[in-house]
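In: Can you look at this prediction? I've put the sequence above it.
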Amino acid sequence: MARSAPTSGPGSEASISTRSRICPALEFPRYADYLRQSDNPQRRELAGRIEHLASGDDSQHLLRLMERDRDFQAALHAGRIVRPDQVEYARWLEQRTRFDQVKGSGFTDRWSSNPADWRPVTALTAMFLHGSAAHLIGNMVFLFLFGYTVEVALGRRRYLAYFLLAGIGADLADLAARWNSLGISIGASGAISGLMAMYVTLYGRRRIRFFYQFLFYFDYVKAPAIILLPVWIAHELVQQQLDGQGGVAYMAHAGGFVTGALLIAWYRWRHQVTMVELPEAARDDGFNDEKARAEALMRKMQLDAARAAYGRLVVLRPADRESLTKFFNLAKLVPADEDFHRAALRILALRETDAETDELVHACFVTYWRTARPRPRLGPDVCARLGQRFARMGRIDDAARLAGLLQQAAPAHDALPGLLLALIHGELRRDKRARANEYAAMLDAGFPGSSEQRWRPVCCVR
């Protein structure tokens, strides 16, 4: 999360330029007097620097501070700073009115976190604002590095909730450190810091897969999760070096980090989660030697031999995602080969329901459906299970394809009524009422009196 002092909104640059020429002599000295009367030491210190800030380009910075000081602005517009009985009041009022019309209302000022005029909603909205493209891109890079793996461990909803809570914790820490400060805070860096803490707390020294891409080649490499901690620290040091004015809210980063670590500690205690992984040597069944051979064959670009080696690996460990994925990726190069069907059906048979497995199964299905020759080998039970899974994921079109196959192959299958009911709900969520009615008609005609038929939405006509 970065501290920022830009003025935003329509005509902001013009307004600053105009304001700097009109009446600084009337408002700046009065603003200094107003700050000297404050109980806040930061404001009194600022009052002592008014003369320096009012000269040259620094007057622009003073103007931003003064315009964001809502208490001062309220007193100014109420006639308590430049009073109506003063000689210069009429001239000041004309200039101030003209400036307010040009200035407009700044979007960033309204939704950023401002310790001098803090509102609870800005603890949430400020993390979605960024000071520059580089600020946004930097945060998104680390969101990708940490976020995907944490989301897989926590699930989508909990991951989103914890991410937002980390951002709120970051804002509160920054608020405590800069109470009544006139600078605003924007950015998701505090939430990203919390995400990094979640990542390290969840995985620590555990070896996990990192995705990497070089030109058209992509793969995974296994390394300890904590290896990204020094990368993040280096990123912070680079940001500090690039930020010559010291505008980085490091207390926000610390607050987000602590919040993220506490959330995962609570999560692990509440759900009795353990992150223990057996040493490779303790469960070696010839898998490691075969894997080394497969990787060596890949490096030599002996793809047919590598495909056979990965096929042996998935027999040794059917749940090993890395081997399954590589076996499938190699097998799909020859879509008419038996290995392609074997690889696809092994992935489609995975029963885990976490986000990573869901996406792997769906991506495999899409490729298998489009590529398999002469056609995919999907039996009724596979169609029923995948259809329910894709309906739950919101992949309604693919669930509908599977429902069609199931109805052709086994029109009385026990799972078909539930799949049709899931499609009705899915189409209604997409506001496709006509399609929902089609599935309702199929349900009524094929399974009258079933519990699914009785509980289908009443908005679907017979």
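Out: Cool, got the structure.

In: Quick one: the helices in the stretch 251-400 of the chain, in order.
Out: Ranges of helices within the stretch 251-400 of the chain are 287-299, 303-316, 321-331, 338-348, 355-371, 380-393, 396-409, based on DSSP state H, counting those that start in this stretch.

In: Can you pull out the residues in contact with stretch 357-368?
Out: Stretch 357-368 is contacted by residues 321, 325, 328, 332, 340, 344, 347-348, 350, 376, 386, 389-390, 393, 395, 398 when judged by CB atoms under 8 Å, 6 or more residues apart in numbering. C-betas here are computed from N, CA, C, even on glycine.

In: The same query, at a cut-off of 6 Å, please.
Out: K332, A344, I347, L350, P376, M393, R395 (CB atoms under 6 Å, 6 or more residues apart in numbering).

In: So what's the gap between that stretch and the chain middle?
Out: 22 Å (CA atoms, centre = their mean, to the nearest Å).

In: If you count neighbours, what's buried in that stretch?
Out: Across stretch 357-368, burial judged by 16 or more other CB atoms under 10 Å covers T357, D358, L360, V361, H362, C364, F365, T367, Y368.

In: Would you mind checking which of those residues is nearest to G187?
Out: Closest approach between the buried residues of stretch 357-368 and G187, by CB to CB: D358, at 31.1 Å.

In: Can you pull the domain assignment for the chain?
Out: Per the record, the chain has its domains at 2-111, 122-271, 285-455, by automatic domain parsing.

In: Let me have those domains in JSON lines, adding mean pLDDT as columns.
Out: Below are these laid out as JSON lines (pLDDT from 0 to 100):
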{"stretch": "domain 2-111", "mean pLDDT": "65"}
{"stretch": "domain 122-271", "mean pLDDT": "74"}
{"stretch": "domain 285-455", "mean pLDDT": "89"}
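
In: Relative to V150, which of the helices of the stretch 251-400 of the chain is closest?
Out: Minimum separation from V150 across those (CB to CB) falls at helix 355-371, 10.5 Å.

In: How far away from the center of its chain is the closest one?
Out: In terms of CA atoms, centre = their mean, the centre of helix 355-371 is set 22 Å apart from its chain centre.

In: Likewise for stretch 372-385?
Out: 34 Å.

In: A153 - nearest residue in space that isn't next to it in sequence?
Out: L202 (5.4 Å; CB to CB, 6 or more residues apart in numbering).

In: I'd assumed G138 was in contact with I192.
Out: No. Judged on CB atoms under 6 Å, I192 makes no contact with G138 at a distance of 8.9 Å.

In: out of the two, which sits in the busier spot?
Out: Set I192 next to G138 and count neighbours by other CB atoms under 10 Å: I192 wins out with 31 against 21.

In: any idea which helix or strand carries that one?
Out: Secondary structure from DSSP states H and E places I192 in helix 189-203.

In: ok, now which ones touch the residue lying closest to L423 once chain neighbours are set aside?
Out: With CB to CB, 6+ apart as the criterion, L423 has its nearest non-adjacent residue at 4.6 Å, and that residue is Y439. For Y439, the contacting residues are L420, L423, I424, by CB under 6 Å, 6+ apart.

In: thinking again about what came up before, now do the helix holding I192: which elements does it pack against?
Out: helix 133-154, helix 156-177, helix 250-271 (3 or more CB pairs under 6 Å, 6 or more residues apart in numbering; DSSP states H and E).

In: of those helices, which approaches D444 most closely?
Out: Using CB to CB, the nearest of those to D444 is helix 156-177, at 33.7 Å.
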